[in-house]
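Engineer: what shape does this take:
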Amino acid sequence: MKRIWVVLLLFMFAAQSRALTTNEINAAHAQVKARYLQFLQGTSTTFDGSLGSEAASVFVSRINSRVAQVQAFDFTSDTNAVFSLYPGETGFEEEEEVYSKFLESWLPALAFGYTVDAPGNAHYLDSSIKDLYFQSLEYLYGRGVKTGMTFHRNATRELNNPPPAGCANIVDMELRMGSYCQAALLMEPHAAGEPIFSDALELVTFLEMLGRSSGHVYYWIPYDTPTNLPGLVQSDALQIYSDVTFVSAMLQTNVTRRAEMLADAQEVFTDSLKCIPGWADTIKPDFTGYHHRGIYGNSYTGGFMPQAAFGVYALQGTPYAVETNSVENLKQLALTYRLYSQKYAMPFGIRGRFPDVTEHIIGQAFGTYVIFASGLGLDDASMRPVFERLWDPSAVGMDFVFDGGRGKILRGMYAVDMAKELDARSIVPEPDPSGFWMKPYGGLAIHRRNGWMAGVKGFSKYIWDYENGGSTENVYGQYVSHGMLTIFANGSPVNDIDSGYDIQNGWDWYRQPGTTGVRFPIVGSPAAMEHRIFSAETFLGGVSVDEQNGLFGMVLDDPEFPDGTQMDLVAKKSVFFSDDLIVMLGTDISGGDGSHAVETTLFQSCHTSGSQTMKKNGVVFPDGSETIAASGSITLADPFGNGYYIPDAYGMKLFQGNQNSYHDHGTTASSGDYSTVVFDHGLAPSAETYEAAILVQGEGEIGTLAASASSYYQVQRMDGNVHQVFFPQANQTAYAFFGAVDNTNALVEWVDTPCLAMTEPTSNGWKISVANPDLGFVATAQEVTFDWINDSDERQYLPSTELPVDIRVQGLWELVGTLSDVSVVRYENGGTVLRFACIHGESIDAVLAPYGGATSPLEFTTVVFEDDFDLYVSDAALPTAGKWTSSSYFEASNVFVHVRTDAGGVFGEGPANQYLGMRDAGGKSSNLVAEDIVDARAVRLSFDFSEPDNGLTGSLSVRMGIDNVKISEDEVVGGIRPEDGILKPDSTPIPYGTKVHVDVFFNERVDAIEYIDPHGSPQMLASGKMDVWQDGNLVGNDVVNDRGIGTNTLSDIRSLRFETYSSPQQETWFDNLEIAIATPSSATSPYLVWAADYNLLGSDAELLANPDGDSLNNLAEYALGGVPTNGTVSSGILPVIGSIDASFFEYIHRRRTNATALGLAYIVERNTNLVSGTWTTNGVSETGFAPAETGFEIVTNEVPTDVEPHQYIRLKIKSM
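Structural biologist: Sure thing, here's the model as predicted:
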């Protein structure tokens, strides 16, 4: 199973094994504090080199501009006027500008300017700068920035917790006090004799609570955590913990407080980086990042990642190090972050209320990769190739150093040292990720190939739809989770705008690609709408059978547009991904507001240059609109090279031209040129559908797909219950089951609950993956809303519950290996019912092998081609009208492929025996081909041959492969060569004029096979190799000879070829040719089929087992027609006594009619002494039988009574 989840709450915080001494605590504190200061200030070599020089330039520019501002500030204005105004009150904006600049910008500029020795920094150790810093502290203190201050947004909140007299209330600054605290840490060594600094330190201590607060609502109430995660804080708090609470720890002088706060830091980082259940922050079991009860792909997750990485770095190697499992979770979160960032851009549906914040990975988040990868940081070698792929100084720039987050003017100058250390290494970058990933907690599927990325986003009962910022941010984002499909495939690096998604220039927000929605008009300055809406549907998820291709499915259920418009919009949507092919299906589309069209958007592509256009059926589409008026297929190409095939385009709308819109905040009008195509479902659709195939970057190939669509994909079922698509090139089938349904004529023929499944054949069975998209946080009847989650603290931690899925697969199968989350529950109707213990929406994998054959060696007993040459005319050319498809016969040139009589008895089968003789001349070859006689990946080729002692020294090849089995055309998987007294490939000597028997075993399966060798023993054979047996001796083990397919390519085996080589000449005789395919040695056992019918598994299915505990074991029950599970023996199946006379009596028993074929023997034996006598069949004779019920007969035996005074009779049953 692809089990990426960390077991929830598995590791508890470990108490110190012993109390640390004072010296140990102080040493740990000094080490951590030194790291913290070094990270902020850098080192003496930070500004060396080109990267250092660039950093110095940015540093000096930032510091100078801000120092100049504070130098120009009038410290006499409003002195001692306590900050207290709220938004909307007169003077608020002016007041806010003062405290926000001091706290976020000016104080840190003074502190960094004074303490960092950067080239060109004129403020370094300048006493006037130091004086200005302390003057600023005094000014702020006079205005109420002191212990007891509050951060309420309005007067109503202040009623719950008013600030003491003389203390300020500063609005929206509770998450932006880190710069104040870090500045204090920097200036501590220079604060001797400054009384105001003790007040600053007191405030830093007071602000510790911000790192443990619940964020925007109740700033003074600690985050209400589960009892087993006391250190857990949410994303906001984790961002500021490092800047505020952790700084306070660094400033402590009391050893007890140092120990307490270092332990607190350890606990906070350890617990906050565990995988948390439910809707709570921060890391989910699929390694997505959460905030506001949902996935946040950019700002919040990208903001806390580097802060957490810094905390891990600062504490490493001390007694307060963060738990290893938590560090690994953070690493996996970073790897997931880079997974959905291509290269830097991410899908729209996970951008929260910031739809244009897309390249966050090269802003704040990039520091995470630097800290993990650098030898100066966490020194994780596995993260260096990740860093190297992302690292492009011209694109990344210096944001990871100077974008400190939460208003800080820089993160830390030591990040420059770390980046330089990595830049100096010779690191091979990781390849672009390639594969399919479903992130159930994000409602997000990602599919990546060849440098491009496709993403699709949905919402459900557990995943909200979108987030806005009231009436000022993302006001048109209502459809980003309606199945929005984005393809980022263009640009250098690949990005959203160069791929056709320019959302701030004419973007039609209600035609998001891939989505189904009501196309409302876009109006400026819309009123604030509802957001973070959950659906009533639990079906949202995905599945992958190989981690390369996969399926995304969702049930769209949107009864009301967030402005209150009733629309009852529903649809069943699926998106299938197979290499560079994407198939979109939709069924049961209904609803709408009755006034505006319900549409599914195929694509909406901006024009980034004036020459761009879309194409219809390979022809440039002119500006304007078109509605397809006739049924039938069309092909399209968007302006960015993606090809589209629509099997039935009737009613589709095509548009190309200029369109008008607004920026995401709703106040700035915008326009742009676009190409757009939609499925128009009408004003009030009912049970509408759509189907489309997309070849990513496949404009040039889409015509080929249209001409032969079934060779690319086959929609096998598409209705309200099932979406099922087969991909021939990948040989995979994917299913979206929207209910408990029958699915006849398919491998997965029944499911008991909505689920997603995917299958792929193996050499002798199936790989199958199943996911239940229901995360199972709450009971079915429970409605989920954002407020409902927040109304009770424990609801945010509701865990995913196990929701098993039962499926029935056609045929009798068993599981390969022992799986904790998949089991066989029964056999019924000729099928196997499997139970998948689904949880977290994850994809669970299993491999199936034929029942009884999962671990059994293969037996090559099924003969598919044979020839002993006895049925042909003797002394004549071998005919090619039947088994053989071609041969060469040129008698005049002494080239023969003919049948001969074995007059000399070479093959030991008498004078009537015939064999095949082959001979070539000096200038011509003799050839014999049997084409398409077998179709398998594991084959046994057996024959007898003899090389006459006639002085010919040439070579003859017997080989198997495809088509004509020509080496020159790469059609050979392997073969052997009798050649002048030896047998190649291993040059084993062979006697002239004597029969030699050869068995050649070919394995073209992906994995090694175990087979039954000519001696009846198991033998291993590697993939792509063959074993050669000569007269029962293994003369070639795992060998390759005459292979023309390629050593890295596996192939079907279909044809056989004999070929002599013309220089020098050769002659060889053949007889008793046989080709057989492999089956598991017990897979086709009728007994095992019988056992499966009674659901006998494991040891209960063994022949001598007695699972029902009656007087008959399984073999007896099977042979006599009993029931092995009922606990009683039916008297009707036991032997009985028939007629009795003076010389014999009749012993009557049941027997299967095909007992011999089944390998069953029924033996009636008699004995005179149960202790020391001998059981014998002497005198017992079968006198007749009569039919019973189907499959059985009644057998009558006569046992003599006149030879012994007394005797015992038994029926012995053997399985042979």
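
Engineer: buried residues, the helix ranked longest in the chain. List them.
Structural biologist: Longest among the helix segments of the chain by residue count, using DSSP state H, is helix 49-71. Under the neighbour-count criterion of 16 or more other CB atoms under 10 Å, helix 49-71 has 51-52, 54-56, 58-60, 62-64, 66-67, 70 buried. (Each C-beta comes from the backbone N, C-alpha and C, glycine too.)

Engineer: can you tell me what sits against it?
Structural biologist: 45-47, 101-102, 105-106, 109-110, 112-113, 116, 118-123, 129, 132, 136, 393, 398, 401-402, 409-410, 413, 416, 419-420, 423 (CB atoms under 8 Å, 6 or more residues apart in numbering).

Engineer: likewise stretch 689-699?
Structural biologist: By CB under 8 Å, 6+ apart, stretch 689-699 touches 449-450, 452, 454, 487, 489, 580-589, 600, 602, 615, 637, 641-648, 679, 681, 701-702, 705, 709, 712-713, 715, 718.

Engineer: of the residues you listed, which belong to helices?
Structural biologist: Using DSSP H, the contacts of stretch 689-699 in helices are Ile702, Leu705.

Engineer: ok, of the buried residues of helix 49-71, which one's closest to Tyr735?
Structural biologist: Leu51 (51.9 Å; CB to CB).

Engineer: coming back round to it: using TSV, lay out the buried residues of helix 49-71 together with distance to Met346 and pLDDT.
Structural biologist: Formatted as TSV, these follow (distance: CB to CB, whole Å; pLDDT from 0 to 100):
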residue	distance to Met346	pLDDT
Leu51	26	97
Gly52	30	98
Glu54	27	97
Ala55	27	98
Ala56	32	98
Val58	26	97
Phe59	29	98
Val60	33	98
Arg62	27	97
Ile63	32	98
Asn64	35	98
Arg66	32	98
Val67	36	98
Val70	37	98
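
Engineer: phi first, then psi, for Phe777.
Structural biologist: phi -70, psi -40 (degrees, to the nearest 10).

Engineer: show the pLDDT at the residue nearest to it when sequence neighbours are not counted.
Structural biologist: Leaving aside its sequence neighbours, Phe777 sits nearest to Leu798 (CB to CB, 6 or more residues apart in numbering; 4.4 Å). The model reports Leu798 with a pLDDT of 96.

Engineer: thinking again about what came up before, quick one: the longest helix of the chain to chain centroid distance?
Structural biologist: For helix 49-71, the separation from the chain centroid amounts to 45 Å (computed by CA atoms, centre = their mean, to the nearest Å).

Engineer: same thing with stretch 89-100?
Structural biologist: 50 Å.

Engineer: now swap in stretch 286-293 and tell me
Structural biologist: Using CA atoms, centre = their mean, the offset of stretch 286-293 from its chain centre is 18 Å.

Engineer: can you lay out the buried residues of helix 49-71 as TSV showing distance to Asp271?
Structural biologist: Shown next, in TSV, are those (distance: CB to CB, whole Å):
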residue	distance to Asp271
Leu51	36
Gly52	37
Glu54	38
Ala55	34
Ala56	39
Val58	36
Phe59	35
Val60	40
Arg62	35
Ile63	37
Asn64	42
Arg66	36
Val67	40
Val70	39
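
Engineer: determine which two of those residues are furthest apart.
Structural biologist: Leu51 and Val70 (29.0 Å).

Engineer: hmm, back to that, ok, the residue nearest to Phe777 - contacts?
Structural biologist: Leu798 neighbours (CB under 8 Å, 6+ apart): Pro277, Gly278, Trp279, Phe777, Val778.

Engineer: check Asn1095 too.
Structural biologist: Asn1095 touches Arg826, Tyr827, Thr1125, counting by CB under 8 Å, 6+ apart.

Engineer: distance check, the last one against Leu812.
Structural biologist: It refers to Thr1125. The spacing between Thr1125 and Leu812, counted by CB to CB, to the nearest Å, is 17 Å.

Engineer: looking at the two, which one has more neighbours?
Structural biologist: Neighbours were counted for Thr1125 and for Leu812 using other CB atoms under 10 Å; Leu812 has more, 22 against 13.

Engineer: and the more buried one, how far is that from Leu1160?
Structural biologist: With CB to CB as the criterion, Leu812 and Leu1160 are 20 Å apart.

Engineer: can you check Ala1105 too?
Structural biologist: Distance from Ala1105 to Leu1160, by CB to CB: 17 Å.

Engineer: isn't there a helix covering Pro1124?
Structural biologist: No - counting by DSSP: H, G, I helix; E, B strand; the rest coil, Pro1124 is not found in a helix; it is coil.

Engineer: quick one, grab the pLDDT at it.
Structural biologist: 91.

Engineer: name the nearest residue to it, sequence neighbours excluded.
Structural biologist: Nearest one to Pro1124, counting by CB to CB, 6+ apart, is Glu1117 at 4.4 Å.

Engineer: just the CA atoms of the helix or strand harbouring that neighbour, as CSV, please.
Structural biologist: Per DSSP states H and E: Glu1117 is located in helix 1114-1120. Taking Å, rounded to 0.1, in the frame of the first residue of the first chain, the C-alpha atoms of helix 1114-1120 are listed here in CSV:
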residue,chain,number,x,y,z
ASN,A,1114,-11.8,-31.8,3.4
LEU,A,1115,-10.5,-34.6,1.1
ALA,A,1116,-13.3,-36.9,2.2
GLU,A,1117,-15.9,-34.1,2.0
TYR,A,1118,-14.7,-33.2,-1.5
ALA,A,1119,-14.6,-36.8,-2.8
LEU,A,1120,-17.9,-37.8,-1.4
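
Engineer: just the CA atoms of the helix or strand just after it, as CSV, please.
Structural biologist: As assigned by DSSP H and E, the chain's next helix or strand after helix 1114-1120 is strand 1136-1140. Presented in CSV, the C-alpha positions along strand 1136-1140 are these (Å, rounded to 0.1, in the frame of the first residue of the first chain):
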residue,chain,number,x,y,z
VAL,A,1136,-23.4,-48.4,2.9
ILE,A,1137,-23.7,-52.2,2.9
GLY,A,1138,-25.9,-53.6,0.1
SER,A,1139,-26.9,-57.2,-0.6
ILE,A,1140,-25.3,-60.0,1.6
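
Engineer: what mean pLDDT would you report for strand 1136-1140?
Structural biologist: Strand 1136-1140 comes out at a mean pLDDT of 92.

Engineer: adjacent strands (with direction) for the following helix or strand past that strand?
Structural biologist: Helices and strands here follow DSSP H and E; after strand 1136-1140, the next one along the chain is strand 1144-1152. Applying DSSP bridges, strand 1144-1152 is found paired with strand 1136-1140 (antiparallel), strand 1192-1200 (antiparallel).

Engineer: dump those strands into CSV; add distance to Asp78 and mean neighbour count as well.
Structural biologist: Shown next, in CSV, are the strands paired with strand 1144-1152 (distance: least, CB to CB, whole Å; neighbours: other CB atoms under 10 Å):
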stretch, distance to Asp78, mean neighbour count
strand 1136-1140, 114, 12
strand 1192-1200, 106, 18
